[in-house]
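Engineer: Build me a model from this:
(2 chains)
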Amino acid sequence: MLASAIIVFREVLEASLIIGLVLAATRGIAGRGRWIGLGVGVGCAGAALVAYFAENLAALAQGAGQELFNAGILLLAVGMLGWHHIWMARNAQSMRDAFKALGRSVQAGEKTMRGLAVVVGAALLREGSEAILFLYGVAASESESSLRDMVMGGLGGLGLGALCGTALYLGLLRISPRYLFTVTGTLIVLLAGSMASQAAGMLAQADWLPTLADPLWDTSDILTRNSPLGQLLHILVGYDDRPTGIALTAYVMTVGAIAGLARAVKNQWKQPAPQTPLTTVERSHPSAAPAIPSNQAPR
Amino acid sequence: MPVMKASAEEQVLNIAIQNHVFSANTLEAPAGQKFKILVKNLDSTPEEFDSDDLHREKLIPAGKEITINLGPLKPGSYAFKGDFHATTAHATLLVR
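Structural biologist: From the prediction side, this is the model:
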């Protein structure tokens, strides 16, 4: 039971933290609950498909199918996170203005929501398929009494993982709206860097990229990646106690490119007379508590 | 396109998993050069080769064999495990 709980928790944790961050980063955007819900649904269905076809996937590309698939999924998510961050650089001011007008949400954000739904779906697809394969293995090999243990453990892990994402979300919401997007934006960029370094690791594993130095340094005596804090930092900002050269290169290049582009876009939009590319829309229940629109219930 | 494969003398290590236990407790590999580990899963359920030390995580479908491309590595000891049965499936790679 404990093994099921631990594995499911670990696989769910990453997706859950990403959903928590995405929910906080899109506070005030209309229809975000719908888009993220769609990402979760499609991601779970996709995870089942990937688990079912795992054998076929593994056999592709001279046995490097898994790595190339995972790297592709990760890079897609990196692209969407980057796009979101650059979009926010252009629109953050009007988002903040929209917050000040209580009970309003930003409608033009649906475009970036589509991208973030992809990020959420991609995270569930990757992590979920591993959890499904593990549980399938337990279910196939063990007796019926342990099957109940597995279900209990799995549900426990799922609940605990979801709790961590909720905690991150609620924690981020305590930040004043003035700084919220600065904090979530920074976290989004670092998450993109983390995913890019994972993708580079996958490509190194497939022997498509050299590892460069392995390991580049060793900080496992200060903070191991396996500790709860190390795990959290690994998921959110890409912490690795023994990083490879290629992972660090991918990380630095991604963070630099996204932050640089966002800065350039921001400056470019500052030059002309202040314009607000966003329209705001009155919510149907403006009297409701302004801070948390109804579709924000954390998962 | 894939990076050019290393020379033909690239070392290949073999290990199997049966009843959720690795067939060897330790593997030895030379430092400073590329090599491969072929991992065969003899069980009827999937397993996942997993190592934080080696930065590797790869599913092994039931009855299948996968290749783990590694190196060049610094001398040291690198732990790896079958993530789905981590209590029984664990071993060490010694690089010298």
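Engineer: Show me what counts as buried in stretch A:227-243.
Structural biologist: A:230-231, A:233-243 (16 or more other C-beta atoms under 10 Å in any protein chain shown). Heads up, the C-betas are built off the backbone N, CA and C, glycines and all.
Engineer: what's the most distant pair in those residues?
Structural biologist: A:236 and A:242 (18.4 Å; C-beta to C-beta).
Engineer: Check whether residue A:212 sits in a helix, strand or coil.
Structural biologist: coil (DSSP: H, G, I helix; E, B strand; the rest coil).
Engineer: so what's it up against?
Structural biologist: With contact set as C-beta atoms under 8 Å, 6 or more residues apart in numbering or on different chains, residue A:212 has these partners: A:244, A:245, A:246, A:249.
Engineer: which one of these sits closest to residue A:202?
Structural biologist: Here the nearest of those to residue A:202, counting by C-beta to C-beta, is residue A:246; it sits at 10.4 Å.
Engineer: Phi first, then psi, for the closest one.
Structural biologist: Dihedral pair for residue A:246: phi -70, psi -40, per degrees, to the nearest 10.
Engineer: roughly how far apart are it and residue B:74?
Structural biologist: 15 Å (C-beta to C-beta, to the nearest Å).
Engineer: quick one, which of those two is more surrounded?
Structural biologist: residue A:246 (21 against 14; other C-beta atoms under 10 Å in any protein chain shown).
Engineer: Do I have it right that the more buried one meets residue A:215?
Structural biologist: No - applying C-beta atoms under 8 Å as the test, residue A:246 and residue A:215 come out as separate, 11.4 Å apart.
Engineer: hmm, back to that, which one of the contacts of residue A:212 sits in the busiest neighbourhood?
Structural biologist: Highest neighbour count within the contacts of residue A:212, by other C-beta under 10 Å: residue A:244, with 23 neighbours.
Engineer: Contact residues of the stretch 1-150 of chain A facing chain B?
Structural biologist: A:3, A:7, A:54-55, A:58-59, A:63, A:66-67, A:130, A:133-134, A:136-138, A:140-141 (C-beta under 8 Å from any C-beta of the partner chain).
Engineer: mind running it again at 7 Å?
Structural biologist: Proximity of the stretch 1-150 of chain A to chain B, by C-beta under 7 Å from any C-beta of the partner chain, involves residues A:54, A:55, A:58, A:63, A:66, A:130, A:133, A:134, A:137, A:140, A:141.
Engineer: from those residues, which would you call buried?
Structural biologist: Here, 16+ other C-beta under 10 Å leaves A:54, A:55, A:58, A:63, A:66, A:130, A:133, A:134, A:137 buried among those.
Engineer: ok, the fifth one to residue A:55 distance?
Structural biologist: Going back to what we said before, that points to residue A:66. Relative to residue A:55, and taking C-beta to C-beta, residue A:66 is found at 10 Å.
Engineer: Can you mark which positions in the helix or strand harbouring residue A:134 are buried?
Structural biologist: Assigned by DSSP states H and E, residue A:134 belongs to helix A:110-141. Going by neighbour count (16+ other C-beta under 10 Å), the buried part of helix A:110-141 is A:112-139.
Engineer: could you pull out the helices for the stretch 151-299 of chain A?
Structural biologist: Assigned by DSSP state H, counting those that start in this stretch, the helices in the stretch 151-299 of chain A fall at A:177-205, A:228-237, A:245-270.
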